[in-house]
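Colleague: Here is my input; please provide its structure:
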Amino acid sequence: MIDEQTIKALFDLSYGIYIVSSNDGEKLNGQIANSVFQVTAEPAQMTVSINKKNLTCEYIKKSGVYTISTLKEGTPMEFVGLFGFKSGRDVNKFEKTKYKLSALGAPIVADNCISGFEVKVTKKFDVGTHMLFTGKITKGEFLSQGSPLTYDYYYRVMRGKTPRNATTYKAVENKTENKSAKPKESTDMKKYICKVCGYVYDPMQGDPNNGVEPETSFEKLPEDWLCPVCGVGKDQFELQG
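Modeller: Predicted coordinates:
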């Protein structure tokens, strides 16, 4: 177990945020990934790191192909939540998502993405919890204008969280604060934490992006309010201990 200082130092490394997708016959799946990088120029090759437990990993192993769709700044958190915190075993992520199939049958996401690549796997490496898939880029294309979404922007500006199966997941991010150093809060101003993604609803801040004004207690949130990160309902929140 690495210490918290080391974890903070690792977050100084630069990452983009992408959707890595693959297929198993006619079945499609994709997920958020940030460990995506070009490894050679001639031939142009890419490598991705995917958790072994993820459905996308199974599909890449079977099909030998994956696509990379580059997310852009301004991507809604609900969209990040769909591909980052939902499992393809439970939901069809492409049911309401615009995409097109690559020549090898894997989907390239069009919604909220600025570029896409098709990669044919040439090598794979078992690195413990994850698999590394290296392959040759068979095609790349521009999809729309915009700036790529970086992990730093997602974490600092969008206040995003990291899925447990991600390469950069850090368990310390969901630790509760030392309440003894803070003034006692009133009962209706307690913070609640999402059990799925770790998002903390702070009533003093509210959720302005979704029409919830500051100083709105969790109990007074609309019954159809959803977690702004992963999209689950209020029943998936618990009082932050």
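Colleague: could you show me where the helices are in this structure, in order?
Modeller: 4-10, 55-63, 77-85, 151-156 (DSSP state H).
Colleague: which one of the ones you listed is the most hemmed in?
Modeller: Mean neighbours per residue, mean count of other Cβ atoms under 10 Å, is largest over those for helix 77-85, with a mean of 23. C-beta coordinates here come from the backbone N, C-alpha and C atoms, glycine included.
Colleague: Taking their axis directions, that helix and helix 55-63 sit at what angle?
Modeller: On the basis of axes from the mean of the first three to the mean of the last three Cα atoms, to 10 degrees, helix 77-85 is oriented at 60 degrees to helix 55-63.
Colleague: Could you tell me the least trusted of the helices of the chain?
Modeller: Of all those, mean pLDDT reaches its minimum on helix 4-10 (a mean of 78).
Colleague: mind listing what the residue nearest to residue 227 when sequence neighbours are not counted touches?
Modeller: Take residue 227 and drop its neighbours on the chain: the residue closest to it by Cβ to Cβ, 6 or more residues apart in numbering is residue 194, 4.8 Å away. Residues counted as contacts of residue 194 (Cβ atoms under 8 Å, 6 or more residues apart in numbering) are 200, 201, 227, 229, 230, 232, 236, 237.
Colleague: In strands, which of the residues you listed fall?
Modeller: Mapping these onto strands (DSSP state E) picks out 200, 201, 237.
Colleague: Of the residues you listed - the most surrounded one?
Modeller: The residue in the ones in strands among the contacts of residue 194 with the most neighbours, by other Cβ atoms under 10 Å, is residue 201 (23 neighbours).
Colleague: Figure out how far the one helix or strand in the chain whose mean pLDDT sits lowest is from the centre of its chain.
Modeller: Every helix and strand of the chain was ranked by mean pLDDT, DSSP states H and E. The lowest is helix 4-10, at a mean of 78. How far helix 4-10 lies from its chain's middle: 20 Å, per Cα atoms, centre = their mean, to the nearest Å.
Colleague: which intervals of the chain have sub-threshold pLDDT?
Modeller: Applying pLDDT under 70 to the chain flags the ranges 1, 163-165, 168-188.
Colleague: so where do the strands sit in the protein?
Modeller: Counting by DSSP E, the chain has strands at residues 18-24, 27-33, 36-40, 45-51, 65-71, 99-101, 107-109, 113-126, 130-142, 192-194, 200-201, 237-239.
Colleague: Quick check: nearest residue in space to the residue nearest the centre of the chain, chain neighbours excluded?
Modeller: Nearest to the mean C-alpha position of the chain, counting by Cα atoms, centre = their mean, stands residue 84 at 3.3 Å. Leaving aside its sequence neighbours, residue 84 sits nearest to residue 32 (Cβ to Cβ, 6+ apart; 3.7 Å).
Colleague: Look up how far residue 229 lies from that neighbour.
Modeller: Distance, residue 32 to residue 229, using Cβ to Cβ, to the nearest Å: 11 Å.
Colleague: any residues in contact with both of these two?
Modeller: What both residue 32 and residue 229 touch, as defined by Cβ under 8 Å, 6+ apart, is the set residue 80.
Colleague: what sits against residue 15?
Modeller: Residue 15 neighbours (Cβ under 8 Å, 6+ apart): 34, 35, 150, 151, 152, 168.
Colleague: The same query, at a cut-off of 6 Å, please.
Modeller: 34, 151 (Cβ atoms under 6 Å, 6 or more residues apart in numbering).
Colleague: and what of residue 22?
Modeller: Applying Cβ under 6 Å, 6+ apart, the residues near residue 22 are 56, 59, 60, 63, 66, 106.
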